[in-house]
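Visitor: Build me a model:
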Amino acid sequence: MSDHTRRNVLRGAAAITAAGGLIGTGGLQASAASRQPQPEMTTRHFPFLEGAFKPVTEELTAFDLPVTGRIPRDLDGRYLRNGPNVLGLEDPRAHHWMLGDGMVHGVRLRDGRAEWYRNRWVRSSQVAKKLGEPYPRPVPPDDFPSNTHVIPYRGRILALQESGPLPYELDHELNTVGTYDFRGTLEGAFTAHTKFDAVAGELHAIAYYPTWDHVRHQVIDHTGRVVRTTRIPVADAPMMHDFALTEKYVVIFDVPITFDMAAAERGDLVPYIWNDEHPMRVGLLPRKGGAVRWFEVDPVYYSHTLNAYDEGSSVVVDMTTYPAPFHVAGRGADGPYGAGTASLERWTIDVPGGRVRTRTIDDRPQEFPRVREELVSRRHRYAYTAASAEMTAAYLAVDGNPPPDSAFSNALIKHDLLRGSTQIHRLPRGAAAGEAVFVPRRGAKAEDDGYAIAYAHNPDRGAADLVILAAQDFTGEPLARIHLPGRVPLGFHGSWIPDA
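Guide: Presented below is the predicted three-dimensional model:
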């Protein structure tokens, strides 16, 4: 391959189906060939295209949303969440969930009202083409409709993707403004999981790319420019989906999921494999400068950081992990495959002793850990995670056949990491819940004085609700359920974006 861009190295479903038959704005239109009987697919399931994952087929706008309960009047802003929502797919065999076109779902809250709901595809050049719209700017070399995260950054809203593509900027009504390169200072790849140190006023990223012999730590200062880039040598081009930050260190996870050139040359949707020959390590890069110190650990798939902080001469990291091996390309299904379920863990890195102690905080299946954002890189007490029966079952699917989701539960979980206790807000069967974001109450002093906000499917309506919980009354009835006009498929990450 002469040109290692996302178009030919990370060939996702969007790239493969770019010429698919699409009629009208926001509609999935099957071609005549795909509508013909296909016997081999009649008994095969595609779990990441079905049930709670099923893509929505149109963009909606609704105003003055109905509400059960009362919306706290100090919630003044937008709750946004990003996720893959494949557009124009003709053949489900050409699909991988993590490479679906990004769609951002948002609700605007003000003065105790839910002013609007919108869902919008991120307008990359491919998405614009499939929607029959012009792409009014030069096409970047690694263009992709960012599908993983959406964050506020100095008055902007940025949709994020890892391993190549620039972030896409959105306006406050979720229209795509264009790519964003931090005032011309971003070179190469970016990340889906930034860390913002509110005290230092710095945005941090760890970026990887399949043809690099290193990964990059990037620091963006208060001016909005990349002011420091540190290249960290690594072997085998590993996937680094997330990282952690403390006041002293950048914490880097070198996992045994590595780029496979043979898979890329075959045209595999996701050319990353579990590599038993690649050792699992965690590295500490001093924020003040210096070399990375590496610590070997037993292999797991590290998925998401809750938070990290310094504790004396040690570093504490709370995170979700899956048992080894973990196959991001899947095992015959249209999404990732895990050998077991995700759990919440604490890793304590003993810097003088040169070792890592690990322990399981909670072994219930759960994902998408979140902390109060102002505490990123500082000591925290509380954590919020989501348990989704359909997501857990889909991750265990082999050849498209997941175990019954009745074996798992739907819930939002609040962890008190000081007391070692949990509170569970249980949701009914069929009420798949996404990531819960914590929003502090206006004037809050206690760490958990505020609200946990998440999208959850309402099986009675066949559509989603935005659920607002009082974090200090986590098991109680929601303060409000905002009833959306359509479904919000299970996706990835989001943010609360307060009005200035």
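Visitor: residues touching the closest residue to D399 other than its chain neighbours, list them.
Guide: Once flanking residues are discounted, D399 sits nearest to G332: 3.6 Å by CB to CB, 6 or more residues apart in numbering. Yep, even glycine has a C-beta here, placed from its N, CA and C like the rest. G332 sits next to A397, V398, D399, G400 when contact means CB atoms under 8 Å, 6 or more residues apart in numbering.
Visitor: State which strand of the chain is the longest.
Guide: Using DSSP state E to define each element, the chain has its longest strand at strand 300-311.
Visitor: With distance to L109, neighbour count and secondary structure as extra columns, can I get the contacts of G332 in CSV?
Guide: CSV is the format used below for the contacts of G332 (distance: CB to CB, whole Å; neighbours: other CB atoms under 10 Å; DSSP: H, G, I helix; E, B strand; the rest coil):
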residue, distance to L109, neighbour count, secondary structure
A397, 36, 23, coil
V398, 42, 12, strand
D399, 43, 11, coil
G400, 39, 23, coil
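Visitor: and which of those is nearest to G164?
Guide: Checking the contacts of G332 against G164 with CB to CB, the nearest one is A397 at 27.4 Å.
Visitor: which residues does that closest one contact?
Guide: Counting by CB under 8 Å, 6+ apart, A397 makes contact with H45, P47, G330, R331, G332, A333, G335, Y337.
Visitor: In ChimeraX, how would I select the buried members of those?
Guide: Burial among the contacts of A397 is assessed by 16 or more other CB atoms under 10 Å; the matching ChimeraX selection reads:
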select :45,47,330,331,333,335,337
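Visitor: Please tabulate the contacts of A397 in TSV and include secondary structure and pLDDT as additional columns.
Guide: Below are these laid out as TSV (DSSP: H, G, I helix; E, B strand; the rest coil; pLDDT from 0 to 100):
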residue	secondary structure	pLDDT
H45	coil	86
P47	helix	95
G330	coil	93
R331	coil	88
G332	coil	84
A333	coil	89
G335	coil	96
Y337	strand	96
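Visitor: nearest to H222, of the contacts of A397?
Guide: Using CB to CB, G335 comes nearest to H222 of the contacts of A397, at 38.8 Å.
Visitor: Go ahead and confirm that closest one touches A393.
Guide: No: the criterion here is CB atoms under 8 Å, and G335 misses it with A393 at 11.2 Å.
Visitor: what do the two both touch?
Guide: P47.
Visitor: outside of stretch 435-449, which residues touch it?
Guide: Stretch 435-449 is contacted from outside by 72, 74-75, 79, 81, 367-368, 370-375, 380-382, 384-386, 412, 414, 450-454, 469, 471-472, 492-496, 498, using CB under 8 Å, 6+ apart.
Visitor: Please apply the same query to stretch 297-305.
Guide: 193, 195, 241-244, 251, 253, 255-257, 276, 279-282, 317-326, 338, 342, 347, 356, 358, 367-369.
Visitor: Quick check on those residues: which are buried?
Guide: If we count by 16+ other CB under 10 Å, those have these buried: 193, 195, 241-244, 251, 253, 255-257, 279-282, 317-322, 324-326, 338, 342, 347, 356, 367-369.
Visitor: Tell me which entries of these lie within strands.
Guide: Judged by DSSP E, the buried ones among the contacts of stretch 297-305 include 195, 244, 251, 253, 257, 281-282, 317-322, 326, 338, 347, 356, 367-369 as members of strands.
Visitor: Tell me the strands beside the helix or strand hosting G83, with direction?
Guide: Counting by DSSP states H and E, the element that carries G83 is strand 77-84. When sheet partners are counted by DSSP bridges, strand 77-84 sits next to strand 102-110 (antiparallel), strand 494-498 (antiparallel).
Visitor: With just CA atoms, put that strand into CSV.
Guide: Extracted in CSV, the C-alpha atoms of strand 77-84 (Å, rounded to 0.1, in the frame of the first residue of the first chain):
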residue,chain,number,x,y,z
GLY,A,77,-26.8,23.9,28.7
ARG,A,78,-26.6,20.9,26.3
TYR,A,79,-26.2,17.2,26.9
LEU,A,80,-24.5,15.7,23.8
ARG,A,81,-23.4,12.2,23.1
ASN,A,82,-21.6,10.7,20.1
GLY,A,83,-21.7,7.3,18.6
PRO,A,84,-21.6,5.2,15.4
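Visitor: Phi, psi for E390 please.
Guide: Backbone geometry at E390, expressed as degrees, to the nearest 10, gives phi -70, psi -30.
Visitor: ok, and the closest non-adjacent residue to it?
Guide: A52 (4.3 Å).
Visitor: can you check I361 too?
Guide: L344 (4.4 Å).
Visitor: how much space is there between the one you found and R216?
Guide: Using CB to CB, to the nearest Å, L344 is found at 29 Å from R216.
Visitor: Show me the helices in the chain, by range?
Guide: For the chain, the helices defined by DSSP state H cover 13-16, 32-35, 125-130, 261-266, 389-395.
Visitor: Deepest-packed of those, please.
Guide: Sort the helices of the chain by mean neighbour count, taking mean count of other CB atoms under 10 Å, and helix 389-395 sits at the top with a mean of 25.
Visitor: how about that helix as PDB, C-alpha atoms only?
Guide: C-alpha atoms of helix 389-395 as PDB (Å, rounded to 0.1, in the frame of the first residue of the first chain):
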ATOM      1  CA  ALA A 389     -27.500  -6.000  29.000                       C
ATOM      2  CA  GLU A 390     -27.500  -5.800  25.200                       C
ATOM      3  CA  MET A 391     -24.000  -4.300  25.100                       C
ATOM      4  CA  THR A 392     -22.600  -7.000  27.300                       C
ATOM      5  CA  ALA A 393     -24.200  -9.700  25.300                       C
ATOM      6  CA  ALA A 394     -23.100  -8.200  22.000                       C
ATOM      7  CA  TYR A 395     -19.500  -8.100  23.100                       C
END
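Visitor: what does the model give P404 for pLDDT?
Guide: Looking at P404, its pLDDT is 89.
Visitor: where does the stretch 151-300 of the chain have low pLDDT?
Guide: Counting by pLDDT under 70, the stretch 151-300 of the chain contains no low-confidence segment.
Visitor: from the middle of its chain, how far away would stretch 419-429 be?
Guide: 22 Å (CA atoms, centre = their mean, to the nearest Å).
Visitor: Stretch 345-361 now?
Guide: 25 Å.
Visitor: Endpoints of it, how far apart?
Guide: 5 Å (CA to CA, to the nearest Å).
Visitor: Check the model's average confidence along that stretch for me.
Guide: 98.
Visitor: Give me the buried positions along it.
Guide: Neighbour-count burial for stretch 345-361 [16+ other CB under 10 Å]: E345, W347, I349, V351, V356, I361.
Visitor: Residues touching that stretch, excluding its own?
Guide: Stretch 345-361 has contacts (CB under 8 Å, 6+ apart) with 251, 282, 284, 293, 295, 297-298, 311, 313-321, 343-344, 415, 417, 420.
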